[in-house]
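S.K.: What would the 3D arrangement of this be:
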Amino acid sequence: MGTRLKVDLATGSIEVNGEADFVRLVYADFRERLLAHKKSSPDPHSEVYGLLAEAHISGTWNEYQRAYTLYERALERCPKGADNSLLADILEGMESMEKAIENTEQELPSLQRAVEAAPESAEKRFQVALALSRLGREKEALAEYEAALSDPTDLDDDCFRDLWNNIGWYYYRRGRYHEALKWFDQCCKVADVQEGLGKGSGRLGLENKILAYCALGMVPEAQSSAMEFVQRYGRFHWPERRALAKLGINADAIYIESRRKESHPVL
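M.R.: Here you go, the predicted structure:
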């Protein structure tokens, strides 16, 4: 991710193609609120909190339809007498995703017409694929990504890198982790060789590569990649810390040890 951050205040969506310091704050704020909900709830183990967390993450990464479905499921499973702030967070999330979906549906026809006018344009197909993915039309999005990959001549460096990542994410969401891993690995390689991209360009690909390792139970690979990540990009976001913890890997301990050796011996 070279540092590009786009925040849509109307929809609440966040697009990040750089070091995600702002998104880290978004995650941190949401996690605080989630923990507060758990403390005030009569059922701290309810699946509502898991659904709410996943919905928030999906919405943050512009998977609008998926996020809306998760918020909807969270609302259906919300226990009677739930804290008002929990209900408000769910309803607010649903409203935000409804608006984002509506905006994307309005934009899609013009994007598709642009492809019809220039079917050879990988950049135009990439934009259609992004819109389709946001609407939960993943198979159609995959077809457009693959068409763009067949001749990516007019794609800029950021989009060319993201093309590999987004195809990998399609397979990751379907539990095809070995297949996803190949695409994430290629995304990292593309980011490393593209001179026009910023120093944080490979962050997203490496994060997702680690998530695939975690899903596959590949402990040595996850451990090694986590150490590489911390050296290059710093502390993990909490979703990746959670995934690594399931393999018995303490991401924060890796981060602290790395910084102690580098410049903070007092630690």
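
S.K.: Only C-alpha atoms from now on, for both contacts and neighbour counts.
M.R.: Noted.

S.K.: Contacts for whichever helix or strand Trp164 is part of next, please.
M.R.: Trp164 is located in helix 157-173, with elements delineated by DSSP states H and E. Surrounding helix 157-173, the residues in contact under the criterion CA atoms under 8 Å, 6 or more residues apart in numbering are 1-2, 17, 123, 126, 138, 142, 145, 149, 152, 177, 179-184, 186-187, 190-191, 194, 196-197, 204-205, 208, 212.

S.K.: Now that helix: buried residues?
M.R.: Residues of helix 157-173 classed as buried by neighbour count (16 or more other CA atoms under 10 Å): 157-172.

S.K.: re the thing from before, quick one: mark the members of the contacts of helix 157-173 that sit in helices.
M.R.: With helices defined by DSSP state H, the entries of the contacts of helix 157-173 inside them are 123, 126, 138, 142, 145, 149, 177, 179-184, 186-187, 190-191, 204-205, 208, 212.

S.K.: where does the stretch 101-250 of the chain dip in pLDDT?
M.R.: Residues of the stretch 101-250 of the chain meeting the criterion pLDDT under 70: 195-199.

S.K.: go again using 90 as the cut-off
M.R.: Filtered on pLDDT under 90, the stretch 101-250 of the chain yields the residue ranges 156-158, 191-202, 237-239.

S.K.: Drop anything exposed from the contacts of helix 157-173.
M.R.: Among the contacts of helix 157-173, those scoring as buried are 1-2, 17, 123, 126, 138, 142, 145, 149, 152, 177, 179-184, 186-187, 190-191, 197, 204-205, 208, 212 (criterion: 16+ other CA under 10 Å).

S.K.: Let me know whether Met227 touches Ala253 as I believe.
M.R.: No. Between Met227 and Ala253 there is no contact, the gap being 10.3 Å when judged by CA atoms under 8 Å.

S.K.: if you count what's nearby, which of the two comes out ahead?
M.R.: Met227 (17 against 11; other CA atoms under 10 Å).

S.K.: need the longest helix for the protein.
M.R.: Counting by DSSP H, the longest helix found in the chain is helix 84-117.

S.K.: buried sites along that helix?
M.R.: Those buried within helix 84-117 under the rule 16+ other CA under 10 Å are 86-87, 89-91, 93-98, 100-101, 104, 108, 111-112, 114-115.

S.K.: for that helix, packing partners?
M.R.: In this structure, helix 84-117 makes packing contacts with helix 47-60, helix 64-76, helix 122-134, judged by 3 or more CA pairs under 8 Å, 6 or more residues apart in numbering; DSSP states H and E.

S.K.: got a list of contacts for the last one?
M.R.: Which is helix 122-134. Around helix 122-134, the neighbours that count as contacts under CA under 8 Å, 6+ apart are 62-65, 101, 104-105, 108, 111-112, 114-115, 118-119, 138, 140-145, 147-149, 151-156, 159, 163.

S.K.: ok, so what distance separates Ile249 from Arg241?
M.R.: From Ile249 over to Arg241 the distance is 8 Å, taken as CA to CA, to the nearest Å.

S.K.: go on, Tyr233?
M.R.: Here Tyr233 is placed at a distance of 14 Å from Arg241 (CA to CA).

S.K.: Could you list which residues are in contact with Cys78?
M.R.: The neighbours of Cys78, taking CA under 8 Å, 6+ apart as the test, are 48, 87.

S.K.: quick one: it from Ser58, how far?
M.R.: Going from Cys78 to Ser58 by CA to CA gives 19 Å.

S.K.: my guess is Ser201 is in a helix, correct?
M.R.: No. With the criterion set as DSSP: H, G, I helix; E, B strand; the rest coil, the secondary structure at Ser201 is coil rather than a helix.

S.K.: what about it, how many neighbours?
M.R.: Other residues within reach of Ser201, judged by other CA under 10 Å, total 28.

S.K.: Hmm, Ala191 and it touching each other?
M.R.: Yes. When contacts are counted by CA under 8 Å, Ser201 is listed as touching Ala191 (5.7 Å).
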